[in-house]
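Q: My questions are about this predicted structure, shown below with the sequence.
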Amino acid sequence: MISIKKIANYVAPPFESYVNTFLSHQFTVALSQDDFSEVTPLVSIGDTVKEGQVIARDIDSNCNIHSPVPGIIKDFVESPLPNGKNGRCILIQMEGEFSYLGKVQKKLKWNFLTAEQLIRCIAEKGIINTFSKPVPLAKQLRDKYEGRNIILRLYDYDPTCYTDTYISKKYLQQILEGISILASVFSPGAIYCLYDKALLLKDVGKDVNTIYSENLLNFIPVDTTKYPCGGLGEIRQLIKKNMKRQIPYPISKNDLLLDCVTMLSIYEAVVLDEPMMSRFITVSGDALKESKIMKTKIGTPIYKLIEECGGLVENPGKIIINGTICGNAISDMHVPITKYVKSVTFLSEKVFADRRIFPCIHCGNCYRICPVHIKPNLIYEAYMKNPEMSPYIAEMASICTDCRLCNMNCPSRLPLYQAVEQVKRIGESKK
Ligand code: SF4
Ligand code: SF4
């Protein structure tokens, strides 16, 4: 692990409160909200839709997409998306009365619902799990594993964002109720909540102990000034180190891993009966006049966030989605917000003064910093020569934890992680 100060060229400041983003006249709702699949639209051009109405559904019914506003379906368009790909979107012109926004929210009693009813509610409300690559949560809940643990990360994986940390500070009770909901869907082996040790979780123990036995729920403090500290590998080690008694079920990739954004969405879906129509987003960067945490409707174009921050102080050299360490750059300000966007960072040219790429100088930085001790330089070289590389190279790439430290530390600025990720995908497709 390495100090964040050494690797991050920009870190979002902490925020105490959020603002609601101005509503746009038009919303561009992507038909692919989870990075993998595109769902089938249920509306046609000219249809009138209500806020929260289901406008698209996937074949297996694991996840719906809802209209974020009341309005008229104007068109189906191809648009660049926050993940750097292009995808089909529904264009909605806002008009009419809101069904959710500004209305008093009643709390529903969910305790009498069966596990299947809770999963169906999570699917119908379109909840995506954004712990790492975005996936429909209902699909994960339908997978059954003996002794599966629930693991909750209460801070941002990419420390240059502040979204999960903000939600953990402001909505802890809602998150805990979300855990109770999940524990009613399946009986977990154990529940682990990893939290930033710099933040005191006031009175949590008292509230929680009335819900769970001490053996089931465990709070694990984490030093979040070091990176990486929130991937499955680090979490496994932290739990082993901190648990004074024996772990009933080993930590594995079959465990249900969740972030704060997802936990709050579970609460909103099941307790408040509200579909996933908006996101908390850290909007920051030295090219902006002001940085803010915003609650933003899905489908809002990114340029609207700039207006909310008082405009730009200079033209951004780079716009990065989901953190300057782990995120990806986009080049179009019309890219719409999707369910998997946690942050947008607008950085000035001076932060990325030199973007030239040079050949490898064999300095060894990339493999010395790699937390799983693989050689990204070798994988990169093999991939560039022949994408159908040897099984040994594919095996090496398969244990990469996606931390991107190799990229951050390569003086030649080679896209090492991107090559490793490609090799990983090729390897997985051959299995
Ligand atoms: S190869 Fe993977 S695990 Fe190793 S530093 Fe690069 S991104 Fe991190
Ligand atoms: S850090 Fe970059 S330049 Fe150094 S060995 Fe790795 S790939 Fe080569």
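A: Nice, I can see it. Ligands and ions are numbered 1, 2, ... in the order given.
Q: check contacts around residue 50.
A: Residue 50 makes contact with 67, 70, 96, 99, according to CB atoms under 8 Å, 6 or more residues apart in numbering. (C-beta placed from N, C-alpha, C; glycine too.)
Q: From those, list the buried ones, please.
A: 67, 70 (16 or more other CB atoms under 10 Å).
Q: Count the neighbours of residue 333 for me.
A: When neighbours are counted by other CB atoms under 10 Å, residue 333 registers 14.
Q: what stretches of this structure score poorly on pLDDT?
A: Within the chain, the segments meeting pLDDT under 70 span 35-36, 200-215, 352-354, 387, 431.
Q: the helices in it, which residues?
A: 4-7, 115-124, 137-142, 163-170, 172-185, 204-209, 232-242, 260-270, 302-308, 365-369, 376-385, 391-398, 405-409, 416-430 (DSSP state H).
Q: The first one vs ligand 2: in contact?
A: Just to be clear, that refers to helix 4-7. No. Judged by CB under 6 Å from any ligand atom, helix 4-7 stays clear of ligand 2, getting no closer than 13.3 Å.
Q: And the contacts of that helix?
A: Contacts for helix 4-7 (CB under 8 Å, 6+ apart): 11, 159-160, 225-227, 325, 405, 408-409.
Q: Just the buried ones from the residues you listed, in PyMOL syntax?
A: For the buried members of those, the matching PyMOL selection, counting by 16+ other CB under 10 Å, is:
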select buried, resi 11+159+160+227+325+405+408+409
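Q: Ligand 1: which of the contacts of helix 4-7 is nearest?
A: For these, the closest approach to ligand 1 (CB to the nearest ligand atom) belongs to residue 405, at 4.1 Å.
Q: how much space is there between that closest one and residue 76?
A: Applying CB to CB, to the nearest Å, the value for residue 405 to residue 76 is 40 Å.
Q: Cross-check the contacts of helix 4-7 against ligand 1 and keep the overlap.
A: Within the contacts of helix 4-7, those near ligand 1 by CB under 6 Å from any ligand atom are residue 405.
Q: From residue 355, how far out is the most centrally placed residue in the chain?
A: Nearest to the mean C-alpha position of the chain, by CA atoms, centre = their mean, lies residue 130 at 3.4 Å. Relative to residue 355, residue 130 is positioned 28 Å away (CB to CB).
Q: same thing with residue 336?
A: 26 Å.
Q: again with residue 93
A: From residue 93 to residue 355 the distance is 38 Å (CB to CB).
Q: okay, these two: which has more neighbours?
A: residue 93 (14 against 9).
Q: can you tell me which residues contact that one?
A: 25-26, 71-72, 74.
Q: sorry, back to before: could you export the contacts of helix 4-7 to TSV, including columns for distance to residue 147?
A: Below are those laid out as TSV (distance: CB to CB, whole Å):
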residue	distance to residue 147
11	38
159	31
160	35
225	33
226	30
227	30
325	33
405	32
408	37
409	38
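Q: interface residues of the protein facing ligand 1?
A: Going by CB under 6 Å from any ligand atom, the residues of the chain near ligand 1 are 370-372, 374, 376, 400-406, 416-417, 420.
Q: returning to that earlier point: now render the helices of the chain as a markdown table, adding distance to residue 16.
A: Shown next, in a markdown table, are those (distance: least, CB to CB, whole Å):
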| stretch | distance to residue 16 |
| --- | --- |
| helix 4-7 | 21 |
| helix 115-124 | 30 |
| helix 137-142 | 29 |
| helix 163-170 | 9 |
| helix 172-185 | 15 |
| helix 204-209 | 20 |
| helix 232-242 | 28 |
| helix 260-270 | 16 |
| helix 302-308 | 17 |
| helix 365-369 | 34 |
| helix 376-385 | 39 |
| helix 391-398 | 42 |
| helix 405-409 | 29 |
| helix 416-430 | 34 |
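Q: Can you tell me which of these is most buried?
A: With neighbours taken as mean count of other CB atoms under 10 Å, the helices of the chain reach their highest mean count in helix 260-270, at a mean of 25.
Q: Check the offset of that one from the chain's centre.
A: 13 Å (CA atoms, centre = their mean, to the nearest Å).
Q: Tell me what angle that helix forms with helix 172-185.
A: For helix 260-270 against helix 172-185, the angle by axes from the mean of the first three to the mean of the last three CA atoms, to 10 degrees is 70 degrees.
Q: start the count at 39, not 1, going forward
A: Shifting the count to begin at 39 puts that one at helix 298-308.
Q: Now helix 298-308 - C-alpha only, CSV.
A: This file holds the C-alpha atoms of helix 298-308, laid out as CSV (Å, rounded to 0.1, in the frame of the first residue of the first chain):
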residue,chain,number,x,y,z
CYS,A,298,-22.6,2.9,0.4
VAL,A,299,-24.2,4.1,-2.8
THR,A,300,-25.8,0.7,-3.3
MET,A,301,-26.8,0.4,0.4
LEU,A,302,-28.7,3.8,0.3
SER,A,303,-30.4,2.7,-3.0
ILE,A,304,-31.6,-0.5,-1.3
TYR,A,305,-33.1,1.6,1.6
GLU,A,306,-34.8,4.0,-0.9
ALA,A,307,-36.2,1.1,-2.9
VAL,A,308,-37.5,-1.1,-0.1
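Q: That helix to helix 201-208, inter-axis angle?
A: 60 degrees.
Q: quick one: residue 91 and residue 106 touch, right?
A: No. In this structure residue 91 lies outside contact range of residue 106 using CB atoms under 8 Å: 10.1 Å.
Q: Between those two, tell me which one has more neighbours.
A: The residue with more neighbours, out of residue 91 and residue 106, is residue 106; 30 against 17, by other CB under 10 Å.
Q: Got the phi and psi for that one?
A: Residue 106 adopts backbone torsions of phi -70, psi -20, taken as degrees, to the nearest 10.
Q: give me every residue that touches it.
A: So residue 106 contacts 65, 67, 89, 130, 315-316, 335-338 (CB under 8 Å, 6+ apart).
Q: May I have stretch 279-287 exported as CSV, CA atoms only?
A: Coordinates of each C-alpha in stretch 279-287 appear next as CSV, following Å, rounded to 0.1, in the frame of the first residue of the first chain:
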residue,chain,number,x,y,z
LYS,A,279,-5.9,-9.2,10.8
ASN,A,280,-8.7,-7.6,12.8
MET,A,281,-10.9,-10.6,13.7
LYS,A,282,-9.9,-11.8,17.2
ARG,A,283,-12.0,-14.9,16.9
GLN,A,284,-12.1,-17.4,14.0
ILE,A,285,-13.9,-16.4,10.8
PRO,A,286,-16.9,-18.7,10.5
TYR,A,287,-16.8,-18.7,6.6
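Q: Check which residues of it are buried.
A: Under 16+ other CB under 10 Å, stretch 279-287 has no buried positions.
Q: which residues sit in contact with residue 463?
A: Contacts of residue 463 by CB under 8 Å, 6+ apart: none found.
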